[in-house]
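Trainee: sequence first, predicted model second:
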Amino acid sequence: LTKSTTMILLAVCMTSWVFMTQAATTPEPGPHRQKRTEPSRVYPKMAGFPQDSEFDALSASLDGELEYYNNSPNSTYWNDTLMYNIRTTKTVFAHAYVTSVEDVQKVVRFTKKHNLMVAVRSSGHSYIGRSTHDGSVVINLARMKGRKFNLNSVRNQAGEATVESGNSWMDVYSAVDQLMTHDDLGNPQRRVIIGGSAHTVAMGGYTQGGGHSPIGRMFGLAVDNLLEATIVLADGRKAILSAQGMDITEDDGTVTHSNDTSLFWAIRGGGGGTWGVITDFTFKLHYAPRRFRNVALSWALTYKGQDIGSDTLRFVLRELNKLSPQWGGYFSVGGYPLSADAKGSVSLFLNHYGSDGDASNDEINALLAHNTFQHQYVKSDKTYPTFLGYENNAIDAAQAYLYIADGFIQPTLINNSTQLDELVKFFLMSLNPPSNDSTYGCTGTMIGGKIQDAANGETPVNSKFRSGLLALTCGLSWPYGTGRDDFFIGNALGMRDELAKHGEGSYYNEPAEDMDNWKTQFWGDDDTYQRLLTTKRKWDPDHFFWCHNCVGSDDVTSA
């Protein structure tokens with residue numbers, strides 16, 4: 001951590017050491033903020049909260065360790081308390097650094113026995129703070145980094161990968177890059193796996209929320225590629241979930257099999273933080289192409305105050321709508337100054353899955369040539385022998401202080417000139433943030449292609465996620481410590497409302513913090529939510545695992 005970031009963290013934490021003493025709704029802090037309901041828990045300083053000696057005993061029993069808040073918490077505690085969206089950082093009581101399934105079971109049973117607040121964290125990328133909570137014990141999976149590969153799988157021809165939840169996707173990509181077999185003609189066959197583009201994101205919350213990928217248009221979402229998962233349930237038992245049912249290890253060590261697939265269905269898009277603690281995932285591997293082509297393009301939006309970007313935005317979006325599934329990647333718009341005269345940009349970071357001889361390579365020729373106002377200021381076209389080569393050049397999002405919102409942009413909108421014009425106007429909002437020290441920006445992940453192939457109801461994933469062209473996330477960032485959070489959040493809520501006019505549904509992993517209609521926004525219809533809620537009540541009837549706008553989060557009367 002830098003010194004400035006550390007000081008921000010200290011300030012945030014020291015001002016948030018306040019704990020709920022009973023289930024209650026907090027007053028609305030401003031217009032249009034969603035009211036929150038919290039479950040009843042035993043928090044620090046309350047009667048019944050465990051003594052330090054009890055936490056010490058728990059720590060001594062673990063293969064990992066427990067670091068908890070005291071008068072001088074160490075740097076590990078502070079580093080791992082910080083969220084990627086710094087605004088959502090809370091003062092947790094302890095981090096349980098688990099290194100085995102047995103560690104997770106011990107922490108779950110201890111915290112449930114004492115009715116403590118628990119959060120589950122693998123990398124801290126929840127932008128609305130689902131993996132943290134004031135006064136909580138965080139089950140921190142960051143040290144669970146085991147990986148194993150089976151290239152002789154009977155479930156998937158190209159093989160499968162089992163990865164523990166503490167791995168970042170960059171860890172996994174680096175390991176997969178080393179895998180190679182040869183076909184009958186002796187040609188090398190490498191492998192790829194469906195995962196996120198950000199280097200530091202882990203697979204826990206990513207996968208359970210659906211999981212889009214720069215190569216998802218070729219092979220579907222992460223949940224479409226999930227073969228199996230190991231989970232610690234709310235009662236502390238271990239279960240292995242798959243399409244064949246579940247194998248539960250009882251307290252006496254016996255294993256019972258059930259054909260019940262409800263929980264395997266729920267974790268494939270029903271969202272993280274609420275079903276249990278998933279300690280590992282088994283994903284399909286896929287044969288890699290001969291090479292990856294990476295194309296990066298950027299155009300200015302204004303020059304000396306003149307709009308030179310509206311036509312480019314229309315053109316770029318229409319061209320993206322034509323691309324075959326071999327093309328994937330990212331679209332972004334931002335309002336940053338580029339020079340004394342130019343401001344704002346629209347950018348593409350695309351990858352092509354295939355070979356140089358594929359006809360689909362030509363689909364981006366018009367984009368490469370587009371330079372009507374001599375405003376194309378980035379043009380890069382490279383090839384890499386492996387996915388890791390491409391991924392090494394992807395830029396990981398930095399920690400920030402922000403508010404985000406999202407929606408799925410449908411191909412039909414791009415084909416409607418009136419609706420497209422309105423979307424372009426929305427993007428140009430990025431040129432006019434509410435203050436000189438704040439910034440608007442949007443990033444869209446290309447979806448569609450094979451993502452559309454899953455049968456209706458096969459997973460809880462919103463159908464708009466599968467049919468869309470872009471999973472579009474927009475945000476407003478501003479400096480910490482201005483004392484004007486309400487002002488900036490008010491502007492961000494306006495951005496959220498404008499985005500909702502264009503995007504349909506919401507991605508569970510990148511939503512607005514304030515959503516009264518979150519159930520249908522995430523899962524599309526009430527029937528899907530009710531099926532998820534039934535599963536939640538079956539496997540976690542006390543709502544022990546709880547997070548904001550998660551399945552059952554407003555169903556806390558029994559907690």
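Mentor: Perfect, I can see it now.

Trainee: what's the next secondary structure element after the worst-scoring helix or strand of the chain on mean pLDDT?
Mentor: Least confident helix or strand, the chain: helix 3-14 with a mean of 38, by mean pLDDT, DSSP states H and E. Using DSSP states H and E, the helix or strand that follows helix 3-14 in sequence is helix 52-61.

Trainee: buried ones in that following helix?
Mentor: Within helix 52-61, the residues that count as buried by 16 or more other C-beta atoms under 10 Å are 55, 58, 59. Glycine gets a C-beta too; all of them are placed from N, C-alpha and C.

Trainee: what average pLDDT does that helix get?
Mentor: The average pLDDT for helix 52-61 rounds to 96.

Trainee: report all helices and strands that the helix or strand where residue 76 lies contacts.
Mentor: Residue 76 belongs to helix 75-81 when assigned by DSSP H and E. Using 3 or more C-beta pairs under 8 Å, 6 or more residues apart in numbering; DSSP states H and E, the elements in contact with helix 75-81 are helix 3-14, strand 65-68, strand 94-97.

Trainee: what sits up against the second one?
Mentor: Same thing as strand 65-68. 52, 55-56, 58-59, 73-74, 76-77, 80, 93-97 (C-beta atoms under 8 Å, 6 or more residues apart in numbering).

Trainee: one more pass at 6 Å, please.
Mentor: For strand 65-68, the external contacting residues (C-beta atoms under 6 Å, 6 or more residues apart in numbering) are 55, 58, 59, 76, 77, 93, 94, 95, 96, 97.

Trainee: how far away is residue 530 from residue 358?
Mentor: Applying C-beta to C-beta, to the nearest Å, the value for residue 530 to residue 358 is 44 Å.

Trainee: of these two, which one has the most company?
Mentor: residue 358 (16 against 12; other C-beta atoms under 10 Å).

Trainee: any idea what the nearest residue to residue 429 once chain neighbours are set aside is bridged to?
Mentor: Residue nearest to residue 429 in three dimensions, not counting chain neighbours: residue 440, with 6.1 Å by C-beta to C-beta, 6 or more residues apart in numbering. For residue 440, the beta-bridge partners are residue 476 (DSSP bridges).

Trainee: how close does residue 440 get to residue 131?
Mentor: For residue 440, the distance to residue 131 - C-beta to C-beta - is 26 Å.

Trainee: give me the more crowded residue out of these two.
Mentor: residue 131 (28 against 24).

Trainee: who touches that one in this structure?
Mentor: Contacts of residue 131 (C-beta under 6 Å, 6+ apart): 119, 121.

Trainee: ok so, going back, mind picking the two most distant members of the contacts of strand 65-68?
Mentor: Using C-beta to C-beta, these reach their maximum pairwise distance at 58 and 76, which is 17.0 Å.

Trainee: circling back: avg pLDDT for the helix holding residue 76?
Mentor: 85.

Trainee: buried residues in that helix, which are they?
Mentor: Those buried within helix 75-81 under the rule 16+ other C-beta under 10 Å are 77, 78, 80, 81.

Trainee: one more: stretch 134-147?
Mentor: Using 16+ other C-beta under 10 Å as the burial criterion, the residues of stretch 134-147 that qualify are 134, 135, 136, 137, 138, 139, 140, 141, 142, 144, 145.

Trainee: now flag whichever of those residues is closest to residue 555.
Mentor: residue 136 (19.3 Å).

Trainee: need the buried residues of helix 52-61 in JSON lines with distance to residue 169, can you?
Mentor: Shown next, in JSON lines, are these (distance: C-beta to C-beta, whole Å):
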{"residue": "55", "distance to residue 169": "32"}
{"residue": "58", "distance to residue 169": "31"}
{"residue": "59", "distance to residue 169": "30"}
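
Trainee: and those, which is closest to residue 524?
Mentor: residue 58 (41.1 Å).

Trainee: was I right about the closest one contacting residue 109?
Mentor: No - contact between residue 58 and residue 109 fails when scored by C-beta atoms under 6 Å: they sit 9.8 Å apart.

Trainee: tell me the buried residues in stretch 526-543?
Mentor: Within stretch 526-543, the residues that count as buried by 16+ other C-beta under 10 Å are 528, 529, 531, 532, 533, 535, 536, 539, 540, 543.

Trainee: then it to PDB, C-alphas only?
Mentor: Output in PDB follows, covering the C-alpha atoms of stretch 526-543 (Å, rounded to 0.1, in the frame of the first residue of the first chain):
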ATOM      1  CA  ASP A 526     -39.900 -13.400  -9.900                       C
ATOM      2  CA  ASP A 527     -40.100 -17.100 -10.600                       C
ATOM      3  CA  THR A 528     -36.300 -17.400 -10.800                       C
ATOM      4  CA  TYR A 529     -35.900 -15.400  -7.600                       C
ATOM      5  CA  GLN A 530     -38.400 -17.600  -5.800                       C
ATOM      6  CA  ARG A 531     -36.600 -20.700  -6.900                       C
ATOM      7  CA  LEU A 532     -33.400 -19.200  -5.500                       C
ATOM      8  CA  LEU A 533     -35.100 -18.200  -2.300                       C
ATOM      9  CA  THR A 534     -36.500 -21.700  -1.800                       C
ATOM     10  CA  THR A 535     -33.000 -23.100  -2.200                       C
ATOM     11  CA  LYS A 536     -31.600 -20.500   0.200                       C
ATOM     12  CA  ARG A 537     -34.100 -21.400   2.900                       C
ATOM     13  CA  LYS A 538     -33.400 -25.100   2.400                       C
ATOM     14  CA  TRP A 539     -29.700 -25.000   2.800                       C
ATOM     15  CA  ASP A 540     -29.300 -21.900   5.100                       C
ATOM     16  CA  PRO A 541     -32.700 -21.500   6.900                       C
ATOM     17  CA  ASP A 542     -31.200 -19.200   9.500                       C
ATOM     18  CA  HIS A 543     -29.700 -16.900   6.800                       C
END
